[in-house]
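# generate coordinates for the sequence data below:
(2 chains)
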Amino acid sequence: AQTVTQSQPEMSVQEAETVTLSCTYDTSESDYYLFWYKQPPSRQMILVIRQEAYKQQNATENRFSVNFQKAAKSFSLKISDSQLGDAAMYFCACVDFGNEKLTFGTGTRLTIIP
Amino acid sequence: GAVVSQHPSRVICKSGTSVKIECRSLDFQATTMFWYRQFPKKSLMLMATSNEGSKATYEQGVEKDKFLINHASLTLSTLTVTSAHPEDSSFYICSARPSGGAGEQYFGPGTRLTVT
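Have a look, this model is predicted:
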């Protein structure tokens, strides 16, 4: 069974600064996908970034990037130049290749300080 | 792209009645759709996995006779909460997984159900 752990229930960052959200996971599979989802106050879940486990290169989407450490089973999210609109709950998630169900972490609430 | 709609966004119903929630993938086909429940300040709890043209697979502890799921087409799944009780009040979210996708799911905006 998969597990996803987010050890930071809450984080805060000054506007325009950089913040890193932590995520560790455990899976017995060698092929899997990792995701970060954002849930703002509207509660709409938004896919922020994805990483295929077989790819060594870290995924990047504009101000969002990941640090994927496969051996350590770590998948952190870095948000650069934080903006007020980045304030949200962030969920890390994992799915094994060929499986259907996402396993979510417990989430990290990110506050942006103006 | 990858837009999922959910209707209604809010619904209030009386105890004992049934309510139907629709989930549609607007610009892609989804062989598989999912229904989640989310309690305040908590992560998403998967209720069931819905595959087009077949019976839904329910997670342990979820009453399949109370939460009826139908996935009639590649773009539409419905969740019907039957004989609703106040404890069914919650935030329900659907998601859809694109056919041939890389495991990602795209989420609807959610439905706030209040049972009085």
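# what residue is smack in the middle of the chain?
I went with chain A, as the question did not name one. Residue closest to the mean C-alpha point of chain A, counted by CA atoms, centre = their mean, is residue A:36 at 3.3 Å.
# chain B was what I was after
Nearest to chain B centroid, counting by CA atoms, centre = their mean: residue B:35, 3.5 Å.
# how much space is there between that one and chain A?
Going from residue B:35 to chain A by CB to the nearest CB, to the nearest Å gives 12 Å. Where C-beta positions appear, they are placed from N, C-alpha and C, glycine not excepted.
# and the pLDDT at that residue?
As predicted, residue B:35 sits at a pLDDT of 97.
# for chain B, what lies in contact range of chain A?
Selection of chain B residues close to chain A by CB under 8 Å from any CB of the partner chain yields B:2, B:32, B:34, B:38, B:42-44, B:46, B:49, B:91, B:93, B:95, B:97, B:102-107, B:109-110.
# right, and the helix or strand after the helix or strand encompassing the residue nearest to the centre of chain B?
Per DSSP states H and E, residue B:35 falls inside strand B:30-38. Beyond strand B:30-38 in the direction of the C-terminus, DSSP H and E gives the next helix or strand as strand B:44-51.
# could you give the angle of that next one to strand B:30-38?
Strand B:44-51 and strand B:30-38 meet at an angle of 150 degrees, taking axes from the mean of the first three to the mean of the last three CA atoms, to 10 degrees as the criterion.
# so what touches strand B:44-51?
Strand B:44-51 is contacted from outside by A:45, A:91, A:100-102, A:104, B:31-39, B:56-59, B:62, B:64, B:67, B:69-71, B:77, B:79, B:93, using CB atoms under 8 Å, 6 or more residues apart in numbering or on different chains.
# rounded mean pLDDT for it, please.
94.
# following it in sequence, what is the next regular element?
Later in the chain than strand B:44-51, the nearest helix or strand by DSSP H and E is strand B:57-58.
# rewinding a little: so the residue nearest to the centre of chain A is in contact with residue A:88, correct?
No. Residue A:36 lies out of contact with residue A:88 (CB atoms under 8 Å); the separation is 10.7 Å.
# give me the common contacts of the two.
By CB under 8 Å, 6+ apart, no residue touches both residue A:36 and residue A:88.
# this completes my enquiry, with thanks.
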